[in-house]
Every structure is written in structure tokens, then in C-alpha cells.
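Trainee: predicted model and sequence follow; I will ask about them next.
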Amino acid sequence: AEMEKIKKELPSGMETGIGYDSTVYITGAISEVLKTLAETLLIVVLVIFLFLGSFRAVLVPVLAIPLSILGAVFIMQVAGFSINLLTLLAIVLCVGLVVDDAIVMVENVERHLAAGLSPFDAAIKGARELVGPVISMTVTLAAVYLPIALQGGLTGSLFREFALTLAGAVIVSGVVALTISPAMSAYL
């Protein structure tokens, strides 16, 4: 609509046109990242099912993934980050990292269930046993990515959002693993 107005006001013989449209590349790249995210989720579900062998056991890690991604998006909003290719890449990469805590928690709760504890008691005991390891795994993973955000120069400015989004997702996954995963294990 604006282009038509400008065309009318141009001198005769002059034409307007779009020299370069970056939205085509960006739209294609974002749809490719979203497709990769869907494929990653599917592969993670299949691998977890193959190793845990039970569909109920798969539900806890699979539900931990969107919760952690929502937490990462919330952290992005609070920090003022936009959804761009680097933050979307961080979200794709975090899928593999965030299921670790939930898988460890589910395995521990299942071990206690096999020992004869009630689901609620198995969840409480399993969560208590893993507080230290889950916190240390979470802090270690977050500590690996945070220095990238603290770098100066072009590298720091390019990868700050990527590193903080990834670290935020890992921290949220640790919280989910210590709170929601045991609760879901008790009822599932």
C-alpha cells in the first residue's frame, strides 16, 4: 500500500522495486529451525522409549521438555531477547540437555517402585537422593555456557543471547527435575 503511494509521486520514467528482501531468508531459516526442533523432539522420544521401555516412563521426560522450553522463553522475555536464529538454535540444542535430569529422576523413582515402595514414597525418596547430583549437573552445564555470554567484542555480542538462553533452559530443567518430575512420577 505504501509502495503504491510512493509510485504515484515519482517523476515519470522512474520505477520502484525491492532490491533485497531479507524476510525470505529469515522466514525460511526460522521454519527450518522449527522443523529441526520437531525432529529433535521425535528422536528424543524414540530414544527415551527404547531405553526406558515403558510409555509411562517416557511421559515425564517428554513433559519436562516443553516446560523447560517455556521457562527458557520466559527468561528470554525477562532479559529482553528476541526470538532469532541464535536463540532458536539454543532452544533446539537445549532439548537434548533438559531431558537428562528428568530421565535420571524417573530411573531412580522406578528403582524404588521395583523395591516395593508406594509411588508417592518412591517419588519423595528418589527426589531426595538426587538433589545433589541434579543441582551439580545443572550448575555444571550452565557454567559451561555462561562464559560465552561474558566474552567481549563481536563474539560476545553475537553469542550472548544464545549462551544465556541455553543456560536458562538448563537451570529451568533442573528445577523441573527436582519438583515436577517427581510429582509426575508419583502419579504416572
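Mentor: In hand now; what should we look at? Numbering: from 1, shown residues only.

Trainee: packing partners for the lengthiest helix in the chain?
Mentor: Ranked by residue count and defined by DSSP state H, the top helix of the chain is helix 153-187. Counting contacts by 3 or more C-beta pairs under 8 Å, 6 or more residues apart in numbering; DSSP states H and E, helix 153-187 packs against helix 55-79, helix 85-114, helix 119-129, helix 131-150. To be clear about C-beta, it is placed using only N, CA and C from the backbone, and glycine gets the same treatment.

Trainee: list the buried residues in the second one.
Mentor: Of the residues in helix 85-114, 86-95, 97-106, 108-110, 112-113 count as buried by neighbour count, 16 or more other C-beta atoms under 10 Å.

Trainee: same check on stretch 64-80?
Mentor: 64-65, 67-69, 71-73, 75-76.

Trainee: hang on, the earlier thing: and the helices and strands packed on helix 153-187: which comes nearest residue 180?
Mentor: helix 55-79 (6.5 Å; C-beta to C-beta).

Trainee: surely residue 30 meets residue 88?
Mentor: Yes: with contact defined as C-beta atoms under 8 Å, residue 30 and residue 88 form a contacting pair (6.6 Å).

Trainee: in TSV, list the helices and strands packed on helix 153-187 along with mean pLDDT.
Mentor: TSV is the format used below for the helices and strands packed on helix 153-187 (pLDDT from 0 to 100):
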stretch	mean pLDDT
helix 55-79	85
helix 85-114	83
helix 119-129	90
helix 131-150	87
